[in-house]
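Visitor: Quick one, fold the following:
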Amino acid sequence: MNKLTIAMSGMTLIGLAGCMDMPEASRNAVMDSQLVSPGIEASRSYTVRDVHVVVPQSLTVSEANTIKPRADIVWRGDQGPDRHEQLRVLFEEAAAGAEALRGDVPVNVEVELIRFHGLTQYTRYNFRGDYDILARITVTDAKTGAILEAPHEVHMLLPAMSPAQVVETESQGYTERMFVHDFLRDALTAELS
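Guide: Predicted coordinates for the structure are as follows:
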C-alpha cells in the first residue's frame, strides 16, 4: 500500500468512528458511579468546609445561536455578557449542597471548569441535546492543606428536556438555570460522597 492509500483508509475510519451511535443517556446518569474518578476510593467521609470555583478567562465563549457552537463555554441560562462569572456563581451556588456533607475529614475543594457546553436557544427549543460539562476537582485537607485527591477530571452529562418540556416547565417558573443548578448540586455532592 502506498502512503496515500494508508492515509485515506485512516481518515475513513476516523470519519466512521464519529458516526457511531452512542448509548442513550439516562435521566439519572448523575447518580451513577462514573462520577467517582478512577483510583479514588468510592466511599468518602468528608465535611466540606469550602468550595472554590475557578473559571479561567482563557476559556472561549460563543454566543452563536447554532446547533452546537465551537467554544469552551456555551451558556444561555443567565442574562448579561460575562459567561465566565455566571458559571462561577452557578457552580458556587450548586456546591452549597456538597458543603452540607458531614463526615470525618474536613476538606476544601477546588473546582476548575474546563468545558461547559450548554444548549443554545435554537437547540433547546427545537431539538434535544445534552449539557456536556467537564471540570477538574482537587480535594485538600482543610486543617493541613495536604492533597487528599490530586486534580482529576470529572465529566458530567445532563440530558436536556424535550422542547415541549422546556416550554411547559418555563411556564411554571422552572428556568434553565434552575434545571442545571439542581443537576450540578447533585453531581458535586455525589462526587464528594
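Visitor: ok, Val48 - contacts?
Guide: 95, 98-101, 107-109, 192 (Cβ atoms under 8 Å, 6 or more residues apart in numbering). Heads up, the C-betas are built off the backbone N, CA and C, glycines and all.
Visitor: Which members of the residues you listed occur in strands, if any?
Guide: Within the contacts of Val48, residues falling in strands by DSSP state E are 107-109.
Visitor: which residues sit against stretch 97-110?
Guide: So stretch 97-110 is contacted by 44-54, 95, 137-143, 148, 185-186, 188-189, 191-193 (Cβ under 8 Å, 6+ apart).
Visitor: Can you select the buried ones among these for me in ChimeraX?
Guide: In ChimeraX syntax, the buried subset of these is picked out as below (16 or more other Cβ atoms under 10 Å):
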select :44,46,48,51,53,95,137,138,139,140,142,148,185,186,188,189,191,192
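Visitor: Not counting sequence-adjacent ones, nearest residue to Val139?
Guide: Glu149 (3.8 Å; Cβ to Cβ, 6 or more residues apart in numbering).
Visitor: can you list the weak-confidence ranges in this protein?
Guide: Per-residue confidence of the chain (counting by pLDDT under 70) places the weak regions at 1-43.
Visitor: And the strands in it, which stretches?
Guide: Going by DSSP E, the chain shows strands at 46-54, 73-74, 105-117, 130-141, 147-159.
Visitor: Tell me the buried residues in the last one?
Guide: Yep, that's strand 147-159 we're talking about. Buried, per 16+ other Cβ under 10 Å, within strand 147-159: 148-149, 152, 154, 156-159.
Visitor: Now render these as CSV, adding distance to Tyr174.
Guide: Converted to CSV, these look like this (distance: Cβ to Cβ, whole Å):
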residue, distance to Tyr174
Leu148, 36
Glu149, 33
His152, 32
Val154, 25
Met156, 20
Leu157, 20
Leu158, 14
Pro159, 16
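Visitor: Need the max-distance pair from these.
Guide: The span of those, defined through Cβ to Cβ, is set by Leu148 and Pro159 at 31.4 Å.
Visitor: The most centrally placed residue in the chain pairs with what?
Guide: Note on the chain: the residue nearest the mean C-alpha position is Ile133, at 2.3 Å, using Cα atoms, centre = their mean. According to DSSP bridges, the partner residues bridging Ile133 are Phe116, Met156.
Visitor: hang on, it packs against Ala94?
Guide: No - using Cβ atoms under 8 Å, Ile133 is not in contact with Ala94, being 10.8 Å away.
Visitor: who touches both of these two?
Guide: Common neighbours of Ile133 and Ala94 are listed as Leu184 (criterion: Cβ under 8 Å, 6+ apart).
Visitor: residue boundaries of the helices in the protein?
Guide: Here the chain has its helices, by DSSP state H, at 3-18, 83-95, 121-126, 163-171, 176-191.
Visitor: tell me which strands and helices the second one is in contact with?
Guide: The one in question is helix 83-95. Judged by 3 or more Cβ pairs under 8 Å, 6 or more residues apart in numbering; DSSP states H and E, helix 83-95 is in contact with strand 46-54, strand 73-74, strand 105-117, helix 176-191.
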